[in-house]
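Chemist: can't give you the sequence, but here's the structure:
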Ligand code: URP
Ligand code: ZN
Ligand code: ZN
C-alpha cells in the first residue's frame, strides 16, 4: 500500500483551519497532526500552501448530445481538466431518452465514462419522460445503483421539458425511497413564446438569447417548483440559479419553513450580460440557460452564499467549440447552450471570492466540496479532509498568479469565457484517492483512473 506524507500545509475544511501534516495510506487519509514522522514512499512539502478537500462539481455535462451536436469534452478530457483545476469528483447527468427507460439512460452514461474518466464521477438521472414505467424504476436506482438525485427540466420545450404533473409524480416516488429531485427552473412555454417573438422581428444575434429568457422566466419556475415541493413536503434542489428575483422567491419559501437547496455556477457570480455584446458573434460563447445576468444579480448571489441560501457553487460545464456555436449564426435559438467552465471554478472562486473578501476560506471549501458531498450522499468519503475519508486533496498555492487562456487550458474548447482574467491562487497539486493525479500542470494519471461513486440517499453519510 502506497504511503504519502504531505508536510507543512494548512488544512482547511468547511469548519476548521489548522497547520498540520497529512499522512495517507493507500486511498485513505490515515492521520492528520503536527510534525508527523511516519516513513512514507513519497513526501511532499506543502509549505505556504493550503490543503483543500478535492473539489466536487455537482453539475457537469460530458459527452452530452444536445441541440444537434455533442458537448466537446468527453469524460476523459473533461475530468482531466477538472483535476487540473482541483476538481476530483463530478456528478454528471445520465439522460433518459424518450420512450426508453431510466436504466437504459444510466447504462449509456456508464459506458461513456467507464474506462475513460480520469477523475471520480457519479450520476444524477435526468428524467425526460416520467411515466408509470419510469416510476417503477426509482427504487432500484436509489437502492441498488447509487443514484439518489433525479433531474427535471422545466424548459427546453419539445425536447426534454417535463410538465408539473410529471415533476410532482417524480417527487412523490423519489421521496418514498430517500432521494431528491433537482430542477432546471425556467418557464419553458414563456421562453418558447419570447424566442418566436424575437425571431419574427428578425432579431437573430446572441443577445436575444438572454432577452428571450428574462429573470421572470426563472423566478416564476423557481416559485412554481418550490410550491410543488412544498405541497408534497418534498426536498428540492434547484440547479444553476442566476438572479435576484429567483433568490427572493427562495427567501419567501424559507419564510414558510421550506427547505430548498440552491446551486449557482461560477460564471453567474462573475460575468454580467454585457458579454452578449461581444463582437463578431463572440456573444455566442456565453449562450447558456439561464443566461448571464446583471451586476445586481451577481451581488445578490454573493450575498445569498453568505446567508447560506445558495449552498453550492458548480459549473454546468457543457462546452461547445466556436464551430458548434456557429449553428446559430443566423438564429440565436440554434446556438448550443452551454460553456467550458470546469477547470477554473475553484481558482476563480478563490481569487474573486476569498482573496477579495467576499467569502471566507471555510465557505469556499463548503460550497465547492462539502455541501455537494453532504446533499448528494458522498460525505464523509468525499467533501472533507478527515481520517478514513478518501485522500482527495488539493495543494493550493494562494500566492501563485496566472492568467486564464484557451491556449493553455485543458478543456476541449477553443475559447474561454474568462480569457485574460488574472487569477491569484493556483492548484499546485491535485491528489485523488492518495495518488498524485496532477502536479504543477503535469498529468500523472490517465484514462480510466476515475472511479464510479455509488452514492447514499439524500443527505445520508457514505461509508468511508
Ligand atoms: O445552457 C446550459 N445550461 N446547457 C446545459 C444544459 C442545462 O440546461 O443544464
Ligand atoms: Zn440546466
Ligand atoms: Zn446543466
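Modeler: Nice, thanks for sending it over. Just so we're clear, the structure is a prediction, and the values are computed from it rather than from any experiment. Numbering: from 1, shown residues only. Ligands and ions are numbered 1, 2, ... in the order given.
Chemist: can you tell me what sits against the longest helix seen in the chain?
Modeler: Longest among the helix segments of the chain by residue count, using DSSP state H, is helix 215-232. The contact list for helix 215-232 (Cβ atoms under 8 Å, 6 or more residues apart in numbering) reads 152, 154-155, 164, 167-168, 171-172, 175, 181, 183, 185-187, 190-191, 194, 234-236, 238, 241-246, 248-250, 252-253, 256, 258, 260, 290, 293, 297. Yep, even glycine has a C-beta here, placed from its N, CA and C like the rest.
Chemist: change it to 6 Å
Modeler: Helix 215-232 is contacted by residues 154, 167-168, 171, 183, 185-187, 190-191, 236, 243, 245-246, 249, 253, 258, 260, 290 when judged by Cβ atoms under 6 Å, 6 or more residues apart in numbering.
Chemist: with stretch 309-328 instead?
Modeler: So stretch 309-328 is in contact with 57-61, 69, 71-73, 240, 250, 261-266, 284, 304, 334-336, 338, 340-342, 345, 349, 367-368, 371-372, 411, 413-414, going by Cβ under 6 Å, 6+ apart.
Chemist: so what's whichever residue of the stretch 151-300 of the chain sits closest to ligand 1 up against?
Modeler: Distances between the stretch 151-300 of the chain and ligand 1 by Cβ to the nearest ligand atom are smallest at residue 288, namely 3.4 Å. By Cβ under 6 Å, 6+ apart, the contact set of residue 288 is 337-339.
Chemist: most neighbours among those, please name it.
Modeler: The residue in the contacts of residue 288 with the most neighbours, by other Cβ atoms under 10 Å, is residue 339 (28 neighbours).
Chemist: who in this protein is up against ligand 1?
Modeler: Counting by Cβ under 6 Å from any ligand atom, the chain comes close to ligand 1 at 61, 184, 288-289, 316, 318, 337-338.
Chemist: from the residues you listed, which land in strands?
Modeler: Among the residues of the chain next to ligand 1, DSSP state E puts residue 184 in strands.
Chemist: just the buried positions in the longest helix of the chain, please.
Modeler: Going by neighbour count (16 or more other Cβ atoms under 10 Å), the buried part of helix 215-232 is 215, 217-226, 228-230.
Chemist: and if you look at stretch 454-464?
Modeler: 455-458, 462.
Chemist: tabulate those (CSV), appending secondary structure.
Modeler: Listed next are those as CSV, based on DSSP: H, G, I helix; E, B strand; the rest coil:
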residue, secondary structure
455, coil
456, coil
457, coil
458, coil
462, strand
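Chemist: can I get the residues you listed in CSV including pLDDT?
Modeler: Shown next, in CSV, are these (pLDDT from 0 to 100):
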residue, pLDDT
455, 98
456, 97
457, 97
458, 96
462, 97
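Chemist: now the two most distant members of these.
Modeler: Greatest spatial distance in the buried residues of stretch 454-464: 458 and 462, 11.7 Å, computed using Cβ to Cβ.
Chemist: all strands for the stretch 51-200 of the chain, in order.
Modeler: For the stretch 51-200 of the chain, applying DSSP state E, counting those that start in this stretch gives strands covering 55-60, 65-66, 69-70, 87-95, 120-126, 149-153, 180-184.
Chemist: sorry, that was for the stretch 351-464 of the chain
Modeler: When assigned using DSSP E, counting those that start in this stretch, the strands of the stretch 351-464 of the chain occupy the ranges 393-403, 422-432, 435-439, 442-443.
Chemist: for residue 50, which of the ones you listed is the nearest?
Modeler: Among these, if distance is taken as Cβ to Cβ, the winner is strand 393-403, at 4.5 Å.
Chemist: now the angle from the closest one to strand 422-432?
Modeler: Counting by axes from the mean of the first three to the mean of the last three Cα atoms, to 10 degrees, strand 393-403 lies at 150 degrees to strand 422-432.
Chemist: so which elements touch strand 393-403?
Modeler: Using 3 or more Cβ pairs under 6 Å, 6 or more residues apart in numbering; DSSP states H and E, the elements in contact with strand 393-403 are strand 50-53, strand 422-432.
Chemist: run through the helices of the stretch 101-250 of the chain in chain order.
Modeler: Taking DSSP state H, counting those that start in this stretch as the test, the helices found in the stretch 101-250 of the chain are 102-113, 132-144, 164-176, 188-200, 207-211, 215-232, 244-255.
Chemist: what's the fifth one in contact with?
Modeler: Same thing as helix 207-211. With Cβ under 6 Å, 6+ apart, helix 207-211 has contacts from 198, 273, 276, 283, 287, 291, 332.
Chemist: tell me the mean pLDDT over it?
Modeler: Mean pLDDT, helix 207-211: 98.
Chemist: from the chain's centroid, how far away is it?
Modeler: 24 Å (Cα atoms, centre = their mean, to the nearest Å).
Chemist: contacting residues for residue 239?
Modeler: Neighbour list for residue 239: 59, 182, 184, 263 [criterion: Cβ under 6 Å, 6+ apart].
Chemist: report the beta-bridge partners for the nearest residue to it once chain neighbours are set aside.
Modeler: Leaving aside its chain neighbours, residue 239 sits nearest to residue 263 (5.1 Å; criterion: Cβ to Cβ, 6 or more residues apart in numbering). Per DSSP bridges, residues listed as beta-bridge partners of residue 263: residue 312.
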